[in-house]
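> show me the folded form of this:
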Amino acid sequence: MVFFFKTVVDGREYMLYMGRDKMENEDLLRWGFPEDVWFHVDKLSSAHVYLRLNKGEGVEDIPKELVDQCCQLVKANSIQGCKLANVDIVYTPYPNLKKTGDMVAGQVGFHKNKRVVKVNIEKNNEVWKKLEKTREERDVDLKEERERRD
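Here you go, the predicted model:
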């Protein structure tokens with residue numbers, strides 16, 4: 001099951017999604033879209049949250065409000081991070097994620113560290129609760145979705 005969230009920023013609709021657990025994160029890592037952006041709490045265990053950008057958009061085009069929403073969602077879904085007043089969040093384009101055979105489930109690295117953005121955020125429950133209201137859990141064949149997209 002994958003959790004999906006919807007948001008509208010500057011008149012544009014965006015989809016965010018995350019896996020239920022580290023095994024599902026492995027599937028998300030394998031079948032992401034090139035226009036996806038990956039978010040994670042830095043140096044702590046957390047959900048892997050993905051933002052699906054609209055075609056033609058890049059990381060540099062993400063409105064600050066949307067970055068904040070993604071960060072609040074990933075912070076709220078970190079066992080340790082959700083208890084802290086503020087945390088560092090890292091995000092990078094999906095194609096920059098690197099997975100090698102010696103990594104444990106849920107662990108990732110980066111092809112180019114220069115493409116990783118780090119931001120510090122403070123807890124904002126209002127933003128997270130608003131996203132939670134849009135939460136939808138679905139069974140998805142991620143491989144089939146990716147093949148349809150390609």
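> longest helix of the chain, counting residues only.
For the chain, the helix that runs over the most residues, judged by DSSP state H, is helix 64-76.
> contacting residues for the closest residue in space to residue 31 that isn't next to it in sequence?
Leaving aside its sequence neighbours, residue 31 sits nearest to residue 142 (CB to CB, 6 or more residues apart in numbering; 3.8 Å). Backbone N, C-alpha and C define where each C-beta goes, glycine included. Residues in contact with residue 142 (CB atoms under 8 Å, 6 or more residues apart in numbering) are 2, 27, 28, 30, 31.
> buried stuff in the helix or strand where the fourth one lies?
In this assignment (DSSP states H and E), residue 30 forms part of helix 22-31. Neighbour-count burial for helix 22-31 flags 24, 25, 26, 28, 29, 31 (criterion: 16 or more other CB atoms under 10 Å).
> which strands or helices does it pack on?
Helices and strands touching helix 22-31, by 3 or more CB pairs under 8 Å, 6 or more residues apart in numbering; DSSP states H and E, are strand 12-19, helix 142-149.
> helix or strand next in line after that helix, which one?
Taking DSSP H and E as the definition, the helix or strand right after helix 22-31 is strand 36-41.
> listing partners with orientation, what would you give for the helix or strand following that next one?
Going down the chain from strand 36-41, the next helix or strand is strand 49-52, by DSSP H and E. Within its sheet, and counting by DSSP bridges, strand 49-52 is paired with strand 12-19 (antiparallel), strand 36-41 (antiparallel).
> select, out of the helices and strands packed on helix 22-31, the one closest to residue 114.
Ranking the helices and strands packed on helix 22-31 by their distance to residue 114 (criterion: CB to CB) puts strand 12-19 first, at 24.6 Å.
> coming back round to it: which single one of the contacts of residue 142 is nearest to residue 101?
Closest to residue 101, out of all of the contacts of residue 142 and judged by CB to CB, is residue 30, at 13.0 Å.
> and the closest one, what does it touch?
Counting by CB under 8 Å, 6+ apart, residue 30 has contacts 99, 142, 143.
> returning to that earlier point: what angle do the helix holding residue 30 and helix 142-149 make?
Using axes from the mean of the first three to the mean of the last three CA atoms, to 10 degrees, the direction of helix 22-31 lies 20 degrees away from that of helix 142-149.
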